[in-house]
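J.: Give me the fold of what follows.
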Amino acid sequence: MPLSPVRKAAVAGRWYPERGRDLTAAVDAHLSSADAAVSGAGASAQASELHEIVAIIAPHAGLMYSGAVAAHAYRQLRGRPIEVAVLVGPSHFEGFDGVAMYASGAFATPLGPVAIDDGCAAAVMAQLPLAHDRPSVHAREHSLEMQLPFLRRVLPDARIVPILVGWQTADTALALGGALASAVRSRRAIIVASSDLSHYHDAATAARLDGIVIECVRRFDPDALQQSLDRNPEHACGGGAMVAAMRAARALGADRAAILDYADSGDVSGDKTAVVGYLAAALGRRSTPSSERGLPG
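T.: Residues are numbered from 1 along each chain as shown. Presented below is the predicted three-dimensional model:
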């Protein structure tokens, strides 16, 4: 019987440390900084109201640029009984209709391989005629790979379902959202939407453009986000992934969104003339009241 395919790490040693101990130290430092920021400023008050987190939104730039923001999303997952993480991100290198799956095998990382939940992947494909098993599309892509260091640290036993969105159309996002909800409804799952926000505007312009996306997420309004992306797809490189995750989360009973952090690449580089925006957010259900260094984008 042939061995399942292992997708080699494409950006290790460039976008994040290649040695496991160095990568562990870098990720843990980001998580610790996020813990300290929330503890000191109470910035995660909205997230504390989420009884069950169904989906998160996290950036996918080089670890030194967006890791601090991503940590605010991933810290929400520690200690949760999650068995599968469905990763949805954009395809930066190849355009196509529908979505490209990596339906079996594993993704290699400096922290050890991350196995694919082939049963869950098959369930998505069964629900979504637009989905095809196309491992080659994943070979160079970083949007999902950049989620794996955090996943290995906060959910070391979780399997993954890697999904890349081609042309990020409204129809694809709608169909994918429904398929994701159906595939994970009986699973202890988290949906991860991988996206950066605006690219290479000055910081003031980026904050204005990114604010439109952030407000759509804050209101938990995938229709408004889709309309914004239809007008200007450059608002978010993984906009289709975000819309699909929001639609799936809503179908799974999520009723609230929490904005966890926002920053831009200039906060690290010092160059505010051409920045990339980064967002961390969580989607989930309300809690029951007690009374009852890589590249910048």
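J.: C-alpha from now on. contacts and neighbour counts both.
T.: OK.
J.: Going by residue numbers, what spans are helices in the stretch 151-297 of the chain?
T.: Residue ranges of the helices in the stretch 151-297 of the chain, as given by DSSP state H, counting those that start in this stretch, are 170-184, 203-218, 222-231, 239-251, 266-269.
J.: and the ones you listed as a markdown table, adding distance to residue 146 and mean neighbour count?
T.: Listed next are these as a markdown table, based on distance: least, C-alpha to C-alpha, whole Å; neighbours: other C-alpha atoms under 10 Å:
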| stretch | distance to residue 146 | mean neighbour count |
| --- | --- | --- |
| helix 170-184 | 21 | 22 |
| helix 203-218 | 21 | 19 |
| helix 222-231 | 23 | 18 |
| helix 239-251 | 15 | 28 |
| helix 266-269 | 18 | 14 |
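J.: Can you say which of those helices is nearest to residue 65?
T.: Nearest to residue 65, of all these, is helix 266-269, at 6.1 Å by C-alpha to C-alpha.
J.: Relative to the whole chain's centre, how far out is the closest one?
T.: Put simply, helix 266-269 sits 21 Å off its chain's centre (C-alpha atoms, centre = their mean, to the nearest Å).
J.: Could you list every helix and strand that that helix packs against?
T.: Helix 266-269 is packed against helix 63-74, with contacts defined by 3 or more C-alpha pairs under 8 Å, 6 or more residues apart in numbering; DSSP states H and E.
J.: what's the helix it packs on in contact with?
T.: For helix 63-74, contacts defined as C-alpha atoms under 8 Å, 6 or more residues apart in numbering pick out 15-16, 27, 30-31, 33-35, 56-61, 146, 150-151, 154, 260-265, 268-269, 278-282, 293-296.
J.: surely residue 249 meets residue 178?
T.: No: in this structure, residue 249 is not within contact of residue 178 by C-alpha atoms under 8 Å, at 9.5 Å.
J.: quick revisit: so can I have CSV of the helices of the stretch 151-297 of the chain showing distance to residue 22?
T.: Output for these, formatted as CSV (distance: least, C-alpha to C-alpha, whole Å):
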stretch, distance to residue 22
helix 170-184, 34
helix 203-218, 31
helix 222-231, 37
helix 239-251, 30
helix 266-269, 19
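J.: got those helices as TSV, with mean pLDDT columns?
T.: Putting the helices of the stretch 151-297 of the chain into TSV (pLDDT from 0 to 100) gives the following:
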stretch	mean pLDDT
helix 170-184	98
helix 203-218	96
helix 222-231	95
helix 239-251	97
helix 266-269	96
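J.: To residue 197, which of the ones you listed lies closest?
T.: helix 203-218 (6.2 Å).
J.: where does that closest one sit relative to the chain's centre, distance-wise?
T.: Per C-alpha atoms, centre = their mean, the centroid offset for helix 203-218 relative to its chain is 18 Å.
J.: Just the C-alpha atoms of it, please, in PDB.
T.: Only the C-alpha atoms of helix 203-218 are listed here, as PDB (Å, rounded to 0.1, in the frame of the first residue of the first chain):
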ATOM      1  CA  ALA A 203      -0.600  53.100   7.300                       C
ATOM      2  CA  ALA A 204      -3.400  55.700   7.400                       C
ATOM      3  CA  THR A 205      -5.000  54.500   4.200                       C
ATOM      4  CA  ALA A 206      -4.500  50.900   5.300                       C
ATOM      5  CA  ALA A 207      -6.200  51.500   8.600                       C
ATOM      6  CA  ARG A 208      -9.200  53.100   6.700                       C
ATOM      7  CA  LEU A 209      -9.500  50.200   4.300                       C
ATOM      8  CA  ASP A 210      -8.900  47.600   6.900                       C
ATOM      9  CA  GLY A 211     -11.500  49.200   9.100                       C
ATOM     10  CA  ILE A 212     -14.200  48.400   6.600                       C
ATOM     11  CA  VAL A 213     -13.300  44.700   6.800                       C
ATOM     12  CA  ILE A 214     -13.000  44.800  10.600                       C
ATOM     13  CA  GLU A 215     -16.400  46.400  11.000                       C
ATOM     14  CA  CYS A 216     -18.000  43.700   8.800                       C
ATOM     15  CA  VAL A 217     -16.400  41.000  11.000                       C
ATOM     16  CA  ARG A 218     -17.300  42.800  14.200                       C
END
